[in-house]
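Participant: can you look at this prediction? I've put the sequence above it.
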Amino acid sequence: MVLPGFAWGDGFSGDRLLRVDGRIAASPEDPGAYWQRADLRRETGDFSGALEDLGRAAELAPGSPSTAILRARVYLDSGQALAALEVLEPVARREGSLAEVQRLRAESLLRLDRPGAAAEAFSMAIEARPGAGPALYLARARAQVEAGVGAWPEALAGLDAGIAQMGPVPGLVREAIEIEISMGQIDHALERISRASAESGRRETWLEWRGQILENAGRSGEALEAYQDAMGELLETPSSTRSSPAMQALEYRLGQSLEKLSLASQGKGD
Amino acid sequence: MHSVRVLWGVIVSCFALFVVSEAFPATLVAAESNWSYLDDGSDAGSAWREPGYDDSAWASGPAELGYGDGFEATVVATGNGSTRAITTYFRHAFDVLGASEIAVLRLQLLRDDGAAVYLNGVEIHRSNLPLGTINSTTLASGAVGGGGETSFEDAWVDSSLLVEGSNLLAVEIHQAAVTSSDISFDLALTSETPALVRGPYLQLVNTSAVTLRWRTNTAMESVIRYGSAPNALSSLISDPLGKTEHEFRIDGLEPGTRYYYSVGSISTVLAGADADHFFETAPAGSPVRPVRIWVLGDSGECAVSAQGCIDAAKVRDVYLARAETAKADLVIMLGDNAYDSGTDGQTTKGVFETFGAVLRNTPVWPAPGNHEFYNGLTFSATGEGPYYEAFTLPRAAEAGGLPSGTEAYYSFEYGNVHFVSLDSHDTDRSASGAMYAWLEADLQANQSDFLIVYWHHPPYSFGSHSSDWWQETRMIQMREVFVPLLEDYGVDLVLTGHSHSLERSKLIDGHYGFSDSLLPGNVIDGGTGDPATGSGYEKDSEGPGAHEGAVYAVIGSSSKNSGGLTRHPVMAFVSNYEGAMLIEISGQEMDATIVDANGTDRDKFRITKAVPEPEQALLSLAAVLAVLLVKLKSGRGRARA
């Protein structure tokens, strides 16, 4: 795929617009200059101006995927997901291996409340670029969760495929645990937490999560144990580490949970 | 990485002969040659590309061929009037003797606007035209103007298509628009010997491994030799598979050790086997010598302007002079590494040609800027584009940190420093995004003494981009979403570019709004931080300590400056010179110097972390011993007296 180069200038948007205006004046038949101005106008909320530029770019470079990608972004930013989809569909049929086209299709479908179709489009983007990174896997899983309970096992399988591809990327691991919990598969969730905790240099937040899951499942004894482990891990970290707001909040929460469960175990709970 | 044959302990005889490659170009088709052409606007189909096609009815003339610019040697018609035909066809036959001995063909093409080139009927190069089937109505992907109308672009093409005797080049030139006012065409074809196009350059160094990459002008086998001295390259890695992109992971190395290397083929050394080509593994544990980092931002202007080349070369040469006594261990590039749109060619020129003398012995860890994404082909979510193809970056914690699963953002350890590189342009910058989730977990796990984080869009700047300007959403989002998280986990230094200036903050914390929201309490230490005046910044924690203050620097003028700089109230130093930053970390002290392109130190600051308790105990013990020694000496003195 050979797409023309965009060439944004630098400086404030006003200055950048002036520079692009100059570029268009110097090369009025260069579609790249219109793409550049269209994207700048999109970023500043001038959607009609952006579409006008893209119209001119389309005349100069008919059939270019760049025009379609930029037009879809304008439509998405201006709340016209259907128009974005209509722009992308023919390009997706023609340039199916361009992952960004599929990703934008998926974004459009999500906004049109068609999460199942969006998940399929994300899958096509992943297929085009299997080593792309966690963002596509995460977006697909979230679309599948939105599609309904029936698609949740697929969401988990998709996240596991991402983890197999990329390793225990935190965003994917956490999403998988959330889905396991939503599905009521508590032991599976705990198993994932154990794995993540073992691979992590800092275990206390994982152990707290383990405690919360167990507590919510009514397994107070195990929960108490998990909270104790978490507190033990936290107290072993250097004082500078414990001084962060996040760790101070964790210490407070763990203290509360331990007190509550200890009292309950002694029959003094309220 | 391709599979490789790793042959450990191969002792290369000291009598082995290396043939160092030299270029002996031979012209097969000269520029300004005579070409037959079809300019009547008809569709020539595909037969015209073949050697046997009868073009006797076509017109002919010397290059440059075209119209509309006024300096054509041959003016072609291609339809007159305001509307021109889109495509013009050209053919040129030439003879070759010894075709099988030619390893590399270099094509130099002048085209306005788009072109497809065929050798003996096979397409060998396409420029500024869409992928897929093209015909006489296919428009070029973009208009060519300015210097692009008169400059030749380089391409390295498959020499195996040459045949002994008569050969044929066929070229079709396409307009970007039916109303375009000009076309231009010329071409030269030369045979050359194998040579480097990029590199060699180093990536992904850790305590026991390094990745070595280079690109050649022709597909060839890959051979790396390495060892303890330039003349003792006793280990060898090779891959017989012919390719132009060569990438190898060398592992099983000793920590903190220098290895010399060469790259090439079994019979040819393309580079190395000298004092300038070496790699050094990261030190294990606390380093015994300082860790040094050279920081460049917006350094890619050479890819598009002669002045940019001059300025970037000055910045580079100032560093190289200092490197003779204080060589950097790492190079950090803060984005906009290749203007104007981060194409493959611009990346070659802006990164690898400009800074090749450094990158052959110092691993580079880049962040993407905004210009990396302006080629319409580069997307972080999908990992596509010339930026992602040029660099091999951590995805699976290959050099420490946590796996990010993407090269768009990553972390690594070197010595007692944890480094984090973020993508501020094309990755979700929200707190619900994958980058944020990964960063939080990565920072939680960090236990290094120092934390240095870098990305492109500065949270604080009044340079050519203002962090107070509501449309600078990326600058604002990084400040509002990521800076609080980083300060929670004790960041020491944040490096950015984007504004083409040099700016460096005081030791600050908790300032997440526009500049008018800065409170006195946000400034932890409002001094210059310059140790020479006794006002270095001090932090209480020995490792990452939350909200003890951080320094924010903009190093965005390593190949140009844009003027218009005013001082953001958090800044201790601002300047409009071209320059870069040198960082030296020795134990619990980090010293940073902003050096301009003339070699003048413009700014210095120091951050000192608390000394670890065991070291404090040792120091205390040393102090007690010193006191005892003094007492003993003085007692002896008295006795003598």
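Facilitator: Cool, got the structure.
Participant: enumerate the positions of the helix or strand A:K260 falls within that are buried.
Facilitator: With secondary structure defined by DSSP states H and E, A:K260 is part of helix A:245-265. Residues of helix A:245-265 classed as buried: A:M247, A:L250, A:E251, A:L254, A:S257, A:L258, A:K260, A:L261 (neighbour count, 16 or more other C-beta atoms under 10 Å in any protein chain shown). For glycine as for every other residue, the C-beta is placed from the backbone atoms N, C-alpha and C.
Participant: my read is that B:K604 contacts B:A532, right?
Facilitator: Yes - counting by C-beta atoms under 8 Å, a contact exists between B:K604 and B:A532, whose distance comes to 6.8 Å.
Participant: quick one: contacts for A:E100?
Facilitator: Neighbour list for A:E100: A:I69, A:A125, B:F379, B:A381, B:T382, B:E384 [criterion: C-beta atoms under 8 Å, 6 or more residues apart in numbering or on different chains].
Participant: of those, grab the buried ones for PyMOL.
Facilitator: The following PyMOL selection, which keeps only the buried ones among the contacts of A:E100, applies the criterion 16+ other C-beta under 10 Å:
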select buried, (chain A and resi 69+125) or (chain B and resi 379+381+382+384)
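Participant: pick out whichever of the contacts of A:E100 sits closest to B:G68.
Facilitator: A:I69 (31.1 Å; C-beta to C-beta).
Participant: how near is that closest one to A:S182?
Facilitator: Summarising the geometry, the distance separating A:I69 from A:S182, computed by C-beta to C-beta, to the nearest Å, is 34 Å.
Participant: what does B:Q444 give?
Facilitator: 24 Å.
Participant: so the two - more neighbours on which side?
Facilitator: Here B:Q444 and A:S182 are compared on neighbour count by other C-beta atoms under 10 Å in any protein chain shown; more neighbours surround B:Q444, at 26 against 13.
Participant: hmm, that one is touching A:W206, no?
Facilitator: No - with contact defined as C-beta under 8 Å, B:Q444 and A:W206 do not form a contacting pair (9.9 Å).
Participant: tell me the domain ranges of chain B?
Facilitator: For chain B, whose domains are defined here by automatic domain parsing, the residue ranges read B:5-21+B:201-280, B:28-192, B:291-616.
Participant: what is the rounded mean pLDDT of the shortest one?
Facilitator: The average pLDDT within domain B:5-21+B:201-280 is 82.
Participant: measure stretch B:98-107 end to end?
Facilitator: Its first and final residues considered, stretch B:98-107 spans 18 Å by C-alpha to C-alpha, to the nearest Å.
Participant: please read the previous query as pertaining to stretch B:108-126.
Facilitator: End-to-end distance of stretch B:108-126 (C-alpha to C-alpha): 12 Å.
Participant: contacting residues for the residue nearest to B:G599 when sequence neighbours are not counted?
Facilitator: Sequence neighbours aside, B:V318 is the residue nearest to B:G599 in space, at 4.5 Å (criterion: C-beta to C-beta, 6 or more residues apart in numbering or on different chains). Residues in contact with B:V318 (C-beta under 8 Å, 6+ apart) are B:A580, B:V595, B:D596, B:A597, B:N598, B:G599.
Participant: most neighbours among those, which one is it?
Facilitator: Within the contacts of B:V318, most neighbours by other C-beta under 10 Å means B:A580, with 27 neighbours.
Participant: residues in contact with that one?
Facilitator: Listed by C-beta under 8 Å, 6+ apart, the contact partners of B:A580 are B:W294, B:V295, B:L296, B:G297, B:S299, B:V315, B:V318, B:Y319, B:I555, B:S558, B:I594, B:V595.
Participant: again with A:L17
Facilitator: The contact partners of A:L17, taken as C-beta under 8 Å, 6+ apart, are A:R37, A:L40, A:R41, A:T44.
Participant: tell me the SS of the second one?
Facilitator: Using DSSP: H, G, I helix; E, B strand; the rest coil, the three-state assignment for A:L40 comes out as helix.
Participant: that one contacts A:L18, correct?
Facilitator: No - checked against C-beta under 8 Å, the pair A:L40 and A:L18 is beyond contact range at 10.5 Å.
Participant: tell me which of those two has more neighbours.
Facilitator: A side-by-side neighbour count of A:L40 and A:L18, using other C-beta under 10 Å, places A:L40 first with 22 against 13.
Participant: rewinding a little: tell me which of B:K604 and B:A532 has more neighbours.
Facilitator: Each of B:K604 and B:A532 has its neighbours counted (other C-beta under 10 Å); B:K604 has more, 20 against 9.
Participant: show me what the more buried one is bridged to.
Facilitator: With DSSP bridges applied, the residues forming beta bridges to B:K604 are B:T593.
Participant: and the stretch 201-350 of chain B, which residues reach chain A?
Facilitator: Within the stretch 201-350 of chain B, the positions near chain A by C-beta under 8 Å from any C-beta of the partner chain are B:D340, B:S341, B:T343.
Participant: and the second one, that one's in a helix?
Facilitator: So the one you mean is B:S341. No - counting by three-state DSSP, B:S341 falls outside a helix, being coil.
Participant: roughly how far does it sit from A:L88?
Facilitator: When distance is defined by C-beta to C-beta, B:S341 is 23 Å away from A:L88.
Participant: the two: which has the busier surroundings?
Facilitator: Applying other C-beta under 10 Å to B:S341 and A:L88 shows that A:L88 carries more neighbours, namely 29 against 24.
Participant: for the more buried one, give me its contacts.
Facilitator: A:A68, A:A72, A:V101, A:L104, A:R105, A:S108.
Participant: export those residues to JSON lines and tack on neighbour count?
Facilitator: Listed next are the contacts of A:L88 as JSON lines, based on neighbours: other C-beta atoms under 10 Å in any protein chain shown:
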{"residue": "A:A68", "neighbour count": "24"}
{"residue": "A:A72", "neighbour count": "25"}
{"residue": "A:V101", "neighbour count": "27"}
{"residue": "A:L104", "neighbour count": "27"}
{"residue": "A:R105", "neighbour count": "25"}
{"residue": "A:S108", "neighbour count": "26"}
